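J.: 3D, please:
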Amino acid sequence: MDLDLRRLTARLREYRTPSLRRSLTQLAITAAGFAATWALMWAAAAQAYWLSLLLAPLAAALLVRLFVIQHDCGHGSYFRARQMNDWVGRALGVVTLTPYDYWRGAHATHHASSGNLDRRGVGDITTLTLAEYRDLGPWRRLAYRLYRHPLILFGVGPTYLFLVQHRWPPDRQAGAAWMRTSLMATNLAILAAILGLALLVGPLTLLKLQLPVVLLASSLGVWLFYVQHQFERAHWARDGEWVHARAALHGSSYYALPGALRWLTADIGLHHIHHMCSRVPNYRLRECLDALPELREVGRLGVWQSLRTIHLTLWDEEAGRLISFRDARRQAS
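T.: I've put the predicted structure just below:
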């Protein structure tokens, strides 16, 4: 589809202005909903633990919604004032187990390089080209195959990311003095919250209630990020051919979710619009889609279509699409 990228980008900029009333209302409803669901889980656990587990998916989804709000703060799109974005983002980072200042920098790099084959590796899911995979030795091939296995990518990996790696990320940016201070402050705030809740409900009860929520929320969050960029006809290019607007529009999907899931994920599924203009707050993304109907079919994925992306693991530069390990074997034979 040949679209006027300059015109689209200019139109989307008209929706960058956040509404203080809408931001505060969304934040209050989401935070109160998460707290109320967690309290209901606590009450239910006093009767039967399995009853609390029935509420865990809702609590996890609301936690993901809080993360999307934190994500908007990181883009400076949730409030007009940068300080308000930053302090709300840092507070939410304690709840989402995400060090806000570090994540904001890594995510900015992701936006600046998404779809660029020569600038992979920061804030994204590791994706090799078919040629790179074929050049690996057997052990490194095995390691990559394990990394891309659904049980690792959407199970063990997200848990490790949010519970362990986010406590002290292993890269240069985390080594800066001010970043060390920020990371330490986030970790201490998380520890204080854990101790406070443990005193309130008991350490074992806290573990039994919060661990399922964190496990589900982390997996759901990684799944959303995955499906927003890992689909068959995504756009990847080398430095000389990479254009930000094209990569933003065609390298990010439109995850067309049902109404309830759209609300719970704060419309982050309109990811192609978000990448084209990251300063649009999440609650205005739908306005953009309504105003620009030509964006409705770009990178569109339904729920069932998205499930078929799970086995896409390698970028075939010649074909210009993501392929599976099975496809790679067929080509080799």
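J.: where does Gly240 land in three-state SS?
T.: Secondary structure, DSSP: H, G, I helix; E, B strand; the rest coil: Gly240 is coil.
J.: that one: neighbour count?
T.: Residues within reach of Gly240, counting by other C-beta atoms under 10 Å, total 6. C-beta here means a position set from N, CA and C on the backbone, and glycine is covered the same way.
J.: show the pLDDT at it.
T.: Model confidence at Gly240, given as pLDDT, is 88.
J.: same question, Glu294
T.: 94.
J.: tally of neighbours for it?
T.: Neighbours of Glu294 (other C-beta under 10 Å): 11.
J.: any idea how far Ala332 is from it?
T.: 39 Å (C-beta to C-beta, to the nearest Å).
J.: same question for Gly259.
T.: 44 Å.
J.: so which residues of the protein form strands?
T.: Ranges of strands within the chain are 128-129, 254-255, 300-301, 314-316, 321-323, based on DSSP state E.
J.: please identify the most buried of the ones you listed.
T.: strand 254-255 (a mean of 23; mean count of other C-beta atoms under 10 Å).
J.: and that strand, what other elements does it pack with?
T.: helix 203-229, helix 271-276, strand 300-301 (3 or more C-beta pairs under 8 Å, 6 or more residues apart in numbering; DSSP states H and E).
J.: and that strand, how far out from the chain middle?
T.: 13 Å (C-alpha atoms, centre = their mean, to the nearest Å).
J.: please enumerate residues in contact with it?
T.: 224, 227-228, 268-273, 295-296, 298-301, 306 (C-beta atoms under 8 Å, 6 or more residues apart in numbering).
J.: same thing with stretch 146-158?
T.: In contact with stretch 146-158 (C-beta under 8 Å, 6+ apart) are residues 125-126, 215, 218-219, 221-223, 226, 310, 313.
J.: try stretch 302-315
T.: Here stretch 302-315 makes contact (C-beta under 8 Å, 6+ apart) with 117, 127-130, 133, 145, 148, 150, 226-227, 230-232, 236, 255-258, 301, 321-328.
J.: which of those count as buried?
T.: 117, 127-130, 133, 148, 226-227, 230-231, 236, 255-257, 301, 321-325, 327-328 (16 or more other C-beta atoms under 10 Å).
J.: OK, contacts around the most centrally placed residue in the chain?
T.: Nearest to the centroid of the C-alpha atoms of the chain, with distances taken as C-alpha atoms, centre = their mean, sits Phe225, at 4.0 Å. By C-beta under 8 Å, 6+ apart, the contact list for Phe225 reads Ile125.
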